[in-house]
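K.L.:
how would this look folded up:
(one chain, ligands or ions: 2)
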Amino acid sequence: VKKLHKRHAREGRPVARAAVLGAGTMGGGIAFTSALRGVPVRMKDIAQAALEQGLAEADKQLARQVRNGRLKPEKAQAVRAAITVQRDEAGFDEVDCVIEAIVENLDVKRRVLAALEGSVGPGTVIASNTSSLRIDDIAQPLARPENFVGMHFFNPVPVMPLVEVIRGSRTSPQAVSTAVAYAAAMGKVPIVVQDGPGFLVNRILTPYVNAFVQLVADGADFEQVDRAMEAFGWPMGPAYLQDVVGMDVGAHVFDVIAAGYPARIRPVERNAIRTLVAAGRFGQKTGGGFYDYE
Ligand code: CAA
Ligand code: NAD
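P.N.:
Ligands and ions are numbered 1, 2, ... in the order given. Next up, the predicted model:
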């Protein structure tokens with residue numbers, strides 16, 4: 001594996017500076033992990049509150065690492081200084097890779113990424129952290145689709161090792177190598193997967209979540225389902241997992257994958273996740289979902 005990563009590092013564009021679009025659950029985690037591993041990041045969001053929350057989360061993580069003796073205070077300060085936040089794309093022309101982590105909506109991603117191409121250099125790799133949308137679909141309006149690749153991280157980013165690197169039909173081998181090498185430099189386990197709704201992991205996770213909402217629609221208590229799955233040996237049950245992922249994100253992902261494989265997934269019309277989305281209970285990020293949080 002090390003040999004393979006070395007080959008990708010040789011063949012890809014070295015990532016010395018990066019940028020992240022979207023400072024939410026995923027963007028904040030990706031920026032923090034990149035900075036921790038020595039690659040400074042410019043993080044852009046359209047919402048000032050999201051930028052502040054992203055930095056507060058980085059501060060919390062760093063303080064914990066210093067407390068645990070895993071990081072020297074000077075190193076923690078350097079990591080923090082390596083994350084700069086902004087509401088525009090100033091300086092994006094100097095970065096080697098931009099990771100997009102905004103809303104899971106095809107039209108929005110297309111519009112934002114087509115505009116982003118005007119702010120970055122001609123060889124900058126643009127990676128989308130999309131959970132489910134086909135890379136070829138997002139790439140459709142791009143002027144340089146060869147520079148565009150999928151880089152699907154998992155939540156919580158600082159601790160989940162896997163990154164799916166998705167090769168679109170027009171993605172260049174150099175962009176794939178850049179994404180693999182950058183993920184490896186962040187301490188992750190990159191795997192290259194084919195393009196298609198949900199890639200690999202979410203094609204497994206979505207039927208599981210659908211089975212869960214079906215159980216609840218049939219009358220099961222979500223807390224009991226969670227306790228059962230924990231006792232079964234999984235780190236968290238499906239309801240708590242939805243709170244971690246974000247109910248809105250989960251619903252978007254579900255719709256894309258259900259539409260992508262209509263013969264295989266039968267959506268549950270009125271279900272607990274849709275009810276929570278309609279109530280604005282998006283999970284941990286809004287203070288409540290299936291469960292309540294302070
Ligand atoms: N951010 C940073 N670090 C975190 C964290 C977070 N949100 N949550 C936990 N950690 C760290 C803790 O600090 C702790 O580290 P140390 O040992 O160094 O102190 C370590 O992780 C273990 O934490 P805990 O003992 O408190 O909790 P745990 O044993 O339950 O492990 C977990 C936490 C690894 C997140 C585990 O619960 C887990 O694997 N959960 C499943 C998560 C999952 O399935 N994610 C995928 C979601 S789907 C997705 O991402 C794809 C998509 O497209 C929607
Ligand atoms: P989130 O709702 O937590 O954050 C999205 C952020 O993007 C918000 O802060 C929003 O203000 C910002 N934003 C919206 N439009 C923007 C723009 N034009 N420019 C800059 N910022 C903009 O969402 P999230 O959970 O971080 O998900 C982001 C992406 O990552 C989605 O594509 C999602 O499918 C994917 N993803 C999510 C998870 C998860 O578990 N939450 C896991 C893997 C992948």
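K.L.:
isn't residue 145 up against residue 139?
P.N.:
Yes. Counting by CB atoms under 8 Å, residue 145 does reach residue 139; the two are 4.2 Å apart. No exception for glycine: its C-beta is placed from N, CA and C like everyone else's.
K.L.:
hey, what's in contact with both of the two?
P.N.:
Common contact partners of residue 145 and residue 139 (CB atoms under 8 Å, 6 or more residues apart in numbering): 168, 170-171.
K.L.:
about what we covered before: more neighbours, residue 145 and residue 139?
P.N.:
residue 139 (26 against 21; other CB atoms under 10 Å).
K.L.:
contacts only, for the residue in the chain that ligand 2 sits nearest to.
P.N.:
Relative to ligand 2, the nearest point of the chain is residue 24 (1.8 Å; CB to the nearest ligand atom). By CB under 8 Å, 6+ apart, the residues touching residue 24 are 45, 50, 54, 101-102, 285.
K.L.:
so which of those reach ligand 2?
P.N.:
The subset of the contacts of residue 24 within reach of ligand 2, by CB under 6 Å from any ligand atom, is 45, 50, 101-102, 285.
K.L.:
most neighbours, which of the residues you listed?
P.N.:
residue 101 (26 neighbours).
K.L.:
quick check: that residue touching residue 33?
P.N.:
No. Using CB under 8 Å, residue 101 is not in contact with residue 33; the gap is 12.0 Å.
K.L.:
which helix of this structure spans the most residues?
P.N.:
When the chain is parsed with DSSP state H, its longest helix is helix 48-67.
K.L.:
which elements pack onto it?
P.N.:
When contacts are defined as 3 or more CB pairs under 8 Å, 6 or more residues apart in numbering; DSSP states H and E, helix 48-67 packs onto helix 25-36, helix 73-81, strand 83-86.
K.L.:
okay, angle between it and helix 73-81 too, please.
P.N.:
Per axes from the mean of the first three to the mean of the last three CA atoms, to 10 degrees, the angle that helix 48-67 makes with helix 73-81 is 160 degrees.
K.L.:
how far does stretch 176-194 stretch from start to finish?
P.N.:
12 Å (CA to CA, to the nearest Å).
K.L.:
apologies, that question was intended for stretch 83-96.
P.N.:
Note: stretch 83-96 ends 15 Å apart using CA to CA.
K.L.:
buried set for that stretch?
P.N.:
If you call a residue buried by 16 or more other CB atoms under 10 Å, then stretch 83-96 has these buried ones: 83-85, 89, 92, 95-96.
K.L.:
what about the residue of the chain closest to ligand 2, distance to residue 153?
P.N.:
Going from residue 24 to residue 153 by CB to CB, to the nearest Å gives 12 Å.
K.L.:
how about residue 202?
P.N.:
As judged by CB to CB, residue 202 and residue 153 stand 12 Å apart.
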